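>>> Prediction below, plus the sequence it came from.
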Amino acid sequence: MGTSGSTNFTLNRDQIVRQGLLNLRRIDPSIAIEAQDIIDGSIAANLLIKAWQTDGLFLWLNQEVVLHLAYNTQSYLLGPTGNHCAALSDAGYTQLAADEAAGQLTLSVDSVTGISASDYLGIELDNGTIQWTTVDGAPVGGALNTVTAANALTGPASRDNYVFHYTSKISRPVQILEARMRDVDEVDTPLNVYSSRNEFFQITDKTTQGETLDLYYEPLITNGRLYAWPVAGTTDITDRIVMTTQRVIEDFDSSGDNFDGPVEALPALIWGLSTYLAPQYGVDLSGKGAAIIMAAQSYYQRLKTFYTDREPMRISV
C-alpha cells in the first residue's frame, strides 16, 4: 500500500480542545463534547497561545515589514490604525512617468504592476514630502499606465518621483527583532534597535534631521509606537525602514479555525491546554497528574529548541 502523498494535517479549535480534555480523562471519548466545555477550552487555548508570545521567539512568527517615513516625524504607530506600515511582500513602488501638477488626480506611472483599487498610495511631492491617499478604481495598464488617486495632489510632483503602494496595514507587532534602512536602490543599512527606553530617551535633541540610525519600540495595545532618530528630512523621505518583527499569533475565534502555526507545535499546545484546564476539572497535577505537566513541559521545550533562532557560533583565538 502506498503513502497518502498528503502533508497538510492539522487540527481545528474544537479538535484541539477535545484532545486537551481527553488527556485529563474528564470527558467521555464516545460522545460529543458539551458546548460549555468548548467555550471554556477556547478561552484557555487563546490565553495559552498569547502567553507563548512572551517566552521565546518562534521563527514562524517572524514577519518582514516596511515602514514608510514621514517628514520630521519622531514616532510612528505600527498597527491596523497606525502609520503606513505593511508586510514587505505587500509593498511596492513605481515612479511617475510625467510631471504632475497640483490638483491632478490621474497620474501617469511607469508600471501598475501590483497596484489594485483601494490600495494605499503615497506620492513623492517636489517639496520633499509624501502625500498619502488611496487608489480610486482599477489602474489602467498598457502603452500608458495610469493610476487615479482618491485625493488630488496638494503640490507638484515631477517625473521620476516615487509612488509607493500597499494593500493592508500590519497588525501590532509584539517586538522588533532587527531593522535596516532601505533606499530606493534597494541598499540596506543596519539600524540600532534599543532595548532600553531610558537609554533611547537620553538622546538629547529628538528633532535632529538626517538618516535614521536608532529605533525604540513600545508594543502598547492596538498599535505599537516606534520612535526613530534622527527624524527624516526632505532628502531622506523615500527611504524606508525594513524590520523583522514578531507578529501576534492569530486567535481561535470559531470552531473551524486552525492553529496559526506549524503542525509540530500541536502536541505542545494540546498538553499545555490540559494543564490550563486541569484545575477547572478538578484534576490534581501532583502525584499521577504530574505526568501531564511533564508532557506539557517536554513538548514545549522541544518546540522552543527547534523553532527558536540559533546564533552562529564564533570562536575567538
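Thanks, I have the structure now. Numbers count the residues shown, from 1 in each chain.

>>> Any idea how many residues pack against the closest residue to Asp251 other than its chain neighbours?
Setting aside the residues directly before and after it, Asp251 is nearest to Asn46 in space (CB to CB, 6 or more residues apart in numbering), at 5.7 Å. Every residue, glycine included, has its C-beta placed from N, CA and C. Residues lying near Asn46 (other CB atoms under 10 Å) number 16.

>>> Hmm, Asn46 is touching Val248, no?
No. In this structure, Asn46 is not within contact of Val248 by CB atoms under 8 Å, at 11.4 Å.

>>> shared neighbours of those two, which are they?
Taking CB atoms under 8 Å, 6 or more residues apart in numbering as the contact rule, Asn46 and Val248 touch no residue in common.

>>> how about low-confidence regions in the stretch 101-250 of the chain?
Counting by pLDDT under 70, the stretch 101-250 of the chain shows no low-confidence range.

>>> those strands in it, which residues are they?
Assigned by DSSP state E, counting those that start in this stretch, the stretch 101-250 of the chain shows strands spanning 106-108, 120-124, 130-134, 146-148, 162-166, 175-182, 188-194, 214-218, 224-229, 240-246.

>>> a markdown table please, covering these and showing distance to Gly2 and mean neighbour count.
Listed next are those as a markdown table, based on distance: least, CB to CB, whole Å; neighbours: other CB atoms under 10 Å:
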| stretch | distance to Gly2 | mean neighbour count |
| --- | --- | --- |
| strand 106-108 | 56 | 17 |
| strand 120-124 | 49 | 23 |
| strand 130-134 | 52 | 17 |
| strand 146-148 | 52 | 20 |
| strand 162-166 | 45 | 22 |
| strand 175-182 | 42 | 18 |
| strand 188-194 | 47 | 15 |
| strand 214-218 | 51 | 19 |
| strand 224-229 | 49 | 21 |
| strand 240-246 | 40 | 22 |
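
>>> now those strands in CSV, with distance to Pro80?
Output for the strands of the stretch 101-250 of the chain, formatted as CSV (distance: least, CB to CB, whole Å):
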stretch, distance to Pro80
strand 106-108, 27
strand 120-124, 13
strand 130-134, 16
strand 146-148, 24
strand 162-166, 13
strand 175-182, 17
strand 188-194, 22
strand 214-218, 16
strand 224-229, 11
strand 240-246, 14
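
>>> Quick one: closest of these to Leu61.
When these are compared by CB to CB, strand 240-246 sits nearest Leu61, at 5.2 Å.

>>> helix, strand or coil for Val283?
Three-state call for Val283 (DSSP: H, G, I helix; E, B strand; the rest coil): coil.

>>> Tell me if I'm right that it and Ala291 touch.
No. Val283 is beyond contact range of Ala291, at 11.2 Å (criterion: CB under 8 Å).

>>> what about the two, which has more around it?
Legend: neighbour count by other CB under 10 Å for Val283 and Ala291, higher for Val283 (17 against 12).

>>> Now do the more buried one against Gln209, distance only.
61 Å (CB to CB, to the nearest Å).

>>> what about the helices in the stretch 151-300 of the chain?
Using DSSP state H, counting those that start in this stretch, the helices of the stretch 151-300 of the chain run over 197-200, 266-277, 290-307.

>>> can you list contacts of the first one?
Which is helix 197-200. So helix 197-200 is in contact with Tyr194, Asp214, Tyr216, Glu218, Tyr227, Trp229, going by CB under 8 Å, 6+ apart.

>>> excluding its backbone neighbours, what's nearest Lys169?
The shortest distance from Lys169 to any non-neighbouring residue, by CB to CB, 6+ apart, is to Pro80 (5.5 Å).

>>> One more: Gly41?
Nearest residue to Gly41, sequence neighbours excluded (CB to CB, 6+ apart): Val17, at 3.3 Å.
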